[in-house]
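>>> Quick one, fold the following:
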Amino acid sequence: MKKIRIDFCDFHENYSKTNNFFYKLLSKRFDLELCDQPDFLIYDCYGHEHRLHSGVRIFYCGESDIPDYRECDYSLGSSKLDDPRHLRVPLYAIWGDPEKVIKRNDDPEKILAAKTKFCSFIVSGYNPKKNHNRVAFFQKLSQYKRVDSAGKKFNNMGAILPPGPLAKMDFLRPYKFNIAFENRSLAGYTTEKIFEPMVVRCMPIYWGNPLVAQEFNPKSFINYFDFPSEDAVIEKIIELDKDDSKYLEYMRQPYFYNDQPNKFFNRERILDFFEKIFTTRITPVAQVGRKSFSFGRLFGRWKLAKRHHWHPMRPPTWS
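Now for the predicted structure:
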């Protein structure tokens, strides 16, 4: 296998450089050597250490951040970009096992019988300028029937849900619905918020990526973008809650078209993209104009690299 000198930085706290999605996947095709001065650097959006590296920079972000090609040479992430330097890899596609949302062996009637609660809601951070719509929706739906909120914000259950996807999915399991709103609406931006309730057959009420129907069957969940208004969305939820036969129509529909994982779960697609990166000779953006590089610029980069802004984030469960 081809030897690749690689490193990782600017990921969430406690990020393991060897126990992560990219290291495990790339190790299947390449001989990886972790080193402090790598030829290739994979970095996230949670810091500035990448500015100190002079090799090929590969930006990855599962959130809605847009890659800045003045700082990176290639990128992977949720962004929907028409650029050969970018590969779209939504966060949900590396978050979990697609087989867990395949429905071929489901018994919808049995699943519905185990749904003893109405609707769930989890929010731990709240910015009224960015997140008002999901809170307002939660409050409006609560006028019909109690919606259990287990996050740090707007908690109405007393106890706060422990961190981590397993605790979240255990919490969601007995509910018929889950308010699965993204932090923002952006084409391509789809996270684990829709995937986790699907794993436990808790119907997502989804808002976020307006193109989500290209990736998941909208007949299997409530897609906010299929309705003319918020009131119409709530009317549909109430209709399904009151009529088991209509709820079961959704439950019988596969989450994936033809009950087959969509293309974003294709690991060979990601490996081929890295193959292109590792075999294409370029002058990294970090080295462009290097002759005019000054100590003042280096000091400025060092100060930025020291200024880490760690975002609260659950460590993912790698598939």
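>>> what's in contact with the helix or strand encompassing residue 112?
Per DSSP states H and E: residue 112 is located in helix 108-113. Where contact means Cβ atoms under 8 Å, 6 or more residues apart in numbering, the residues beyond helix 108-113 that reach it are 176, 201, 244, 247, 248, 251, 252. (Each C-beta comes from the backbone N, C-alpha and C, glycine too.)
>>> and if we set it to 6 Å?
Helix 108-113 is contacted by residues 201, 248, 251, 252 when judged by Cβ atoms under 6 Å, 6 or more residues apart in numbering.
>>> between those, which is closest to residue 45?
residue 201 (32.3 Å; Cβ to Cβ).
>>> Excluding chain neighbours, give the residue nearest to the closest one in space.
Leaving aside its sequence neighbours, residue 201 sits nearest to residue 111 (Cβ to Cβ, 6 or more residues apart in numbering; 5.0 Å).
>>> same thing with residue 167?
residue 161 (5.9 Å).
>>> Next, the contact list for that neighbour, please.
150, 167, 171.
>>> count of neighbours near the last one?
The number of residues packed around residue 171, counting by other Cβ atoms under 10 Å, is 21.
>>> Quick check: the gap between it and residue 244.
23 Å (Cβ to Cβ, to the nearest Å).
>>> Which stretches in the protein count as helices?
All helices of the chain, identified by DSSP state H, fall at 21-26, 92-95, 108-113, 132-141, 165-172, 192-199, 230-242, 244-251, 267-279, 295-306.
>>> Can you lay out those helices as TSV showing mean pLDDT and distance to residue 60?
Below are these laid out as TSV (pLDDT from 0 to 100; distance: least, Cβ to Cβ, whole Å):
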stretch	mean pLDDT	distance to residue 60
helix 21-26	97	7
helix 92-95	93	9
helix 108-113	98	35
helix 132-141	90	26
helix 165-172	95	19
helix 192-199	97	15
helix 230-242	98	33
helix 244-251	98	33
helix 267-279	98	11
helix 295-306	51	18
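>>> Can you show me the CA trace of stretch 64-80 as CSV?
Extracted in CSV, the C-alpha atoms of stretch 64-80 (Å, rounded to 0.1, in the frame of the first residue of the first chain):
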residue,chain,number,x,y,z
SER,A,64,-22.7,24.1,7.6
ASP,A,65,-19.3,25.8,7.2
ILE,A,66,-18.2,26.6,3.7
PRO,A,67,-14.6,25.6,2.7
ASP,A,68,-12.3,28.5,2.2
TYR,A,69,-9.9,27.6,-0.6
ARG,A,70,-7.5,30.3,0.5
GLU,A,71,-6.8,28.0,3.4
CYS,A,72,-7.4,24.5,2.1
ASP,A,73,-6.6,22.6,-1.0
TYR,A,74,-9.5,20.1,-0.8
SER,A,75,-12.7,19.7,1.2
LEU,A,76,-15.3,17.2,2.3
GLY,A,77,-18.5,18.0,4.1
SER,A,78,-22.2,18.9,3.9
SER,A,79,-21.8,21.8,1.5
LYS,A,80,-23.3,21.3,-1.9
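>>> Tell me the buried residues in that stretch?
Judged by neighbour count using 16 or more other Cβ atoms under 10 Å, the buried positions of stretch 64-80 are 64, 65, 67, 72, 73, 74, 75, 76, 77, 78, 79.
>>> thought the third one was touching residue 61?
So the one you mean is residue 67. No - using Cβ atoms under 6 Å, residue 67 is not in contact with residue 61; the gap is 7.6 Å.
>>> Show me the protein divided up by domain.
Per automatic domain parsing, the domain ranges recorded for the chain read 2-94+264-306, 103-259.
>>> Comparing these, which yields the minimum mean pLDDT?
Of all these, domain 2-94+264-306 carries the lowest average pLDDT, namely a mean of 90.
>>> for that domain, the distance to its chain's centre please.
Domain 2-94+264-306 has its C-alpha centroid displaced from the chain centroid by 17 Å (Cα atoms, centre = their mean, to the nearest Å).
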